[in-house]
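[1] predicted model, plus sequence, below.
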Amino acid sequence: MIASERKPLDEILGQLEGEANVFVVACDGCSAGCQVSDPDHTEQMVKELEEAGKTVTGVARVEMVCNSGLTALMLARHLSSVNQADGLLVMSCGVGVQSVAAAVEKPVHPATNSIHLGGFQGLWRSEARCAQCGDCLLDYTGGICPYTACSKGLTHGSCGGPMDGKCEVDPSIPCGWERIYQRLAALGKADRLQEMPLRLRDFRNMLPMKERRRTSLWALELFEEPEAAEEAG
Ligand code: SF4
Ligand code: SF4
């Protein structure tokens, strides 16, 4: 399982700037279990988008968005609504967002941040990987994760070492940053890279939000607030 938390509405609307028509993809797997993309929260998201002036051209619920074959099939079933959209908003973990990006030639935006729960994450039918960084950058990188597609996990561009589009660390694989640039260029969004905020990775983002850490949903009884401990006597 990969755990997810919803991004704030302001950030989501920032990603969708200039895109009036949006198609929503919601996962019925892990992120639904995290109460991020279950039917109620998906409905809430659609309502918030419409209140912000967006037209939601359609919603696809996919059992496991990380299953790239299944996701492509479900999107094909909604082809007309997908075609009407300027971009897709994906309510799933980072793997699911990458699955959708691989299936459509349109901008794809993450509605969530994937966070770290530790332990074995399980398996999924997709080559995409997510390092659960807790601050999903896929909106800037054309739906390709820089942490996992680049051998060095670089987040602000190529190391300068790729040869003929291949990674200098492992020439048997394409350079992740070459893939990111080519994808964005094909979408006419290469400028997005320049808009990417320069920031150091904050590993604290990998943890769930503080107020959720002590709930049974996360099963992480990491600490007790001093006030709560006093009240409990
Ligand atoms: S940027 Fe990559 S590691 Fe971070 S949440 Fe998105 S897919 Fe996962
Ligand atoms: S060649 Fe590309 S993928 Fe390989 S380490 Fe450098 S930037 Fe990353």
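    It's in. Ligands and ions are numbered 1, 2, ... in the order given.
[2] counting contacts, what elements does the helix or strand harbouring residue 101 pack onto?
    Using DSSP states H and E, residue 101 falls within helix 94-103. With contacts taken as 3 or more CB pairs under 8 Å, 6 or more residues apart in numbering; DSSP states H and E, helix 94-103 sits against strand 21-27, helix 68-77, strand 87-91, strand 108-110. Where you see a C-beta, it was placed from the backbone N, CA and C, and this is true even at glycine.
[3] mind running it again at 10 Å?
    When contacts are defined as 3 or more CB pairs under 10 Å, 6 or more residues apart in numbering; DSSP states H and E, helix 94-103 packs onto strand 21-27, helix 30-33, strand 55-62, helix 68-77, strand 87-91, strand 108-110, strand 112-115, helix 146-149.
[4] what's the end-to-end length of stretch 136-151?
    For stretch 136-151, the first and last residues are 18 Å from each other (CA to CA, to the nearest Å).
[5] ranking the helices and strands packed on helix 94-103 by mean pLDDT, which is last?
    Between these, the lowest average pLDDT goes to helix 30-33, which shows a mean of 89.
[6] what about it, distance to the chain center?
    What separates the centre of helix 30-33 from the centre of its chain is 13 Å, taken as CA atoms, centre = their mean, to the nearest Å.
[7] list the buried residues for the top helix by length along the chain?
    Across the chain, the helix with the greatest residue count (assigned by DSSP state H) is helix 39-51. Neighbour counts over helix 39-51 (16 or more other CB atoms under 10 Å) mark 41, 42, 45, 46, 49 as buried.
[8] and the helices and strands packed on helix 94-103 as CSV, adding distance to ligand 1 and mean neighbour count?
    CSV is the format used below for the helices and strands packed on helix 94-103 (distance: least, CB to the nearest ligand atom, whole Å; neighbours: other CB atoms under 10 Å):
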stretch, distance to ligand 1, mean neighbour count
strand 21-27, 13, 26
helix 30-33, 12, 23
strand 55-62, 17, 19
helix 68-77, 14, 16
strand 87-91, 11, 27
strand 108-110, 6, 26
strand 112-115, 4, 26
helix 146-149, 4, 21
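[9] quick one, the longest helix of the chain and strand 21-27 angle?
    Taking axes from the mean of the first three to the mean of the last three CA atoms, to 10 degrees, helix 39-51 and strand 21-27 form an angle of 170 degrees between their directions.
[10] shift numbering so it begins at 29
    OK, 29 is where the count begins now, so the last one is helix 67-79.
[11] pLDDT score assigned to residue 247?
    Spelled out, the predicted local distance difference test score at residue 247 is 54.
[12] could you do residue 63 as well?
    Checking the pLDDT column for residue 63, the value is 89.
[13] cool, thanks, talk later.
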